[in-house]
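Undergrad: Any chance you could fold what I've pasted below:
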Amino acid sequence: MDIEYRKMDQQIWKEELVEWVPDRVHDVHQHAYKKPNPHCPRKLSPALIDSDGLIQGTVGLDFIRECDNILLRGRVYGRLLLSRPSHPCVYNRDAEDQLKFLADEAAKEPLTAASMLVTPEAQPEWLRKQLDRYHFVGLKPYYIYAEDPKDCVHITEMMPPPVLEVANDRSLLVTLHLAEKIRKLPLLNDERIERIKDLVRLSAKYPRIRWILAHCACCWDPRTAEKVFAQIKELPNIWYDISAIRSAKVMELLLATVPSHRIMYGSDGPYFGWTRPVDESGSDEQTTFCLYYQLQALGYALRSQKWDKQKIEDLFYNNAIKLIHGDTTFPCP
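TA: Okay, here's the model as predicted:
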């Protein structure tokens, strides 16, 4: 399986990215899974579609590394792997198989770890067993497993107190969407407001949980970002990944507002980073990878905020290594 790398992609890499993207990268938002995901978008990288137009059944570390080597020229040395949500009936049927697959893929690289998908029904004893057995470093909740997914507002609907207590006891990472219905509702809708309140309360009640807010806290536009960052920037156990953000202004606000050691690189591969947006004609022939648009936006923000080489290297590598492995001197291949 290959990603189609076009002349335009090569030009963007050489002219806009290669000079400042560090030699070492750790990606804290990538997905690996064994089964097709019935909820995933149909607009995927061609490399994820088989000859019959169906989604490939497995995305493992070998494929992920192949794509990273094409897009980032071998710079990615480690990653935090997350699973993908499947229909609750499917997940309940093959949860153990999915967990084993995710753990086996993470074990193939010394700098790669994994966070397990968790549902509200997870019992503490079962959860501890999986954490011990597969050495997961974190949890990934999804709203579709809440009792009422359409009206899921609170974090505790995805992670009830028994799950949060295990996460706190184990000092787990929790990769969280601060909002789900994010693109269609107005600024600071009820869902986002309630989850911000939850996050403030839960970060105090469970101080050992290390929250990673995916997609810059799901802030897709500057107005939202400005208000959200202002409310949560002082929380001591919050980190941010920059995956899937193509707004230079959102990136700029993040760099200007949030402590630099709390910001980490993520690609959201394979579903976002390695796809191409379509233009007004419905074609992707004149567009590059979403990841390259994301990096262009980040590059603008870094220049605007005058970040030095060390802070850029921290964002791409050291912050994640310290958070996940506890040591920025962890050996690199």
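Undergrad: Could you use CA atoms for every contact and neighbour count after this?
TA: OK.
Undergrad: in stretch 229-240, what counts as buried?
TA: Across stretch 229-240, burial judged by 16 or more other Cα atoms under 10 Å covers Phe229, Ile232, Asn237, Ile238, Trp239, Tyr240.
Undergrad: which one of those is nearest Ile324?
TA: Among the buried residues of stretch 229-240, Trp239 lies closest to Ile324 (Cα to Cα), at 11.6 Å.
Undergrad: looking at this, the closest one is in a helix?
TA: No. Counting by DSSP: H, G, I helix; E, B strand; the rest coil, Trp239 is not part of a helix but strand.
Undergrad: my guess is it meets Arg210, correct?
TA: Yes. With contacts counted by Cα atoms under 8 Å, Trp239 reaches Arg210, the gap being 7.4 Å.
Undergrad: coming back round to it: quickly name whichever of the buried residues of stretch 229-240 is closest to Leu254.
TA: Nearest member of those to Leu254, counting by Cα to Cα, is Phe229, at 7.3 Å.
Undergrad: That closest one: what's it in contact with?
TA: Leu254, Thr257, Val258 (Cα atoms under 8 Å, 6 or more residues apart in numbering).
Undergrad: so which helix or strand takes in it?
TA: helix 222-232 (DSSP states H and E).
Undergrad: Need the pLDDT of Val278.
TA: pLDDT for Val278: 77.
Undergrad: Same question for Tyr300.
TA: 98.
Undergrad: And for Ile55?
TA: Per-residue pLDDT puts Ile55 at 45.
Undergrad: Same check on Val163?
TA: 98.
Undergrad: same check, this time on the one 10 residues further on
TA: Taken from the predicted model, the pLDDT recorded for Leu173 is 98.
Undergrad: For the residue in the chain sticking out farthest from the centre, give its distance to Cys290.
TA: Distance from the C-alpha centroid of the chain peaks at Ser281, with 29.6 Å (Cα atoms, centre = their mean). According to Cα to Cα, to the nearest Å, Ser281 and Cys290 sit 18 Å apart.
Undergrad: just Glu15 next, same as before
TA: 17 Å.
Undergrad: again, but for Leu172
TA: 30 Å.
Undergrad: how near is Leu302 to Cys216?
TA: Shown here: Leu302 relative to Cys216, a distance of 15 Å by Cα to Cα.
Undergrad: quick one, which of the two is more surrounded?
TA: Set Leu302 next to Cys216 and count neighbours by other Cα atoms under 10 Å: Cys216 wins out with 25 against 21.
Undergrad: and the more buried one, what is it in contact with?
TA: Applying Cα under 8 Å, 6+ apart, the residues contacting Cys216 are Tyr240, Asp241, Ile242, Ser243, Ile245, Leu254.
Undergrad: Identify the farthest-apart pair in these.
TA: Pairwise over these, using Cα to Cα, the maximum falls at Ser243 and Leu254, 12.6 Å.
Undergrad: so what's Asp9 closest to, chain neighbours aside?
TA: Nearest-residue entry for Asp9: Thr288, 5.8 Å, with adjacent residues in sequence omitted and distances by Cα to Cα, 6 or more residues apart in numbering.
Undergrad: Burial check on the one you found, number of neighbours?
TA: When neighbours are defined as other Cα under 10 Å, Thr288 has 21 of them.
Undergrad: swap in the one 3 residues further on?
TA: For Leu291, the count of nearby residues is 24 (other Cα under 10 Å).
Undergrad: From the buried residues of stretch 229-240, pick the one nearest Leu315.
TA: Set against Leu315, the nearest of the buried residues of stretch 229-240 by Cα to Cα is Tyr240 (10.1 Å).
Undergrad: For the residue lying closest to His31 once chain neighbours are set aside, grab the count of nearby residues.
TA: Nearest residue to His31, sequence neighbours excluded (Cα to Cα, 6+ apart): Leu82, at 4.7 Å. Neighbour count of Leu82, defined by other Cα under 10 Å: 25.
Undergrad: hey, what's Leu82 bridged with?
TA: His31, Ser115 (DSSP bridges).
Undergrad: okay, it: pLDDT?
TA: For Leu82, the model assigns a pLDDT of 96.
Undergrad: Tell me which residues touch it, please.
TA: Leu82 touches His29, Gln30, His31, Ala32, Leu102, Ala114, Ser115, Met116, Leu117, Lys140, counting by Cα under 8 Å, 6+ apart.
Undergrad: ok, and the most crowded of those residues?
TA: Scoring these on neighbours with other Cα under 10 Å, the highest-scoring entry is Ala114 at 31 neighbours.
Undergrad: List the contacts of stretch 267-277.
TA: Residues contacting stretch 267-277 (Cα under 8 Å, 6+ apart): 27-31, 43-45, 64, 67, 242-244, 284, 287-292.
Undergrad: Restricted to helices, list those residues.
TA: Ile64, Cys67, Cys290, Leu291, Tyr292 (DSSP state H).
Undergrad: how far away is Tyr311 from Ser260?
TA: That one is not Tyr; residue 311 is Lys. Separation of Lys311 from Ser260 (Cα to Cα): 7 Å.
Undergrad: likewise Phe63?
TA: For Phe63 relative to Ser260 (Cα to Cα), the value is 31 Å.
Undergrad: And Gln98, by the same measure?
TA: Counting by Cα to Cα, the gap from Gln98 to Ser260 is 34 Å.
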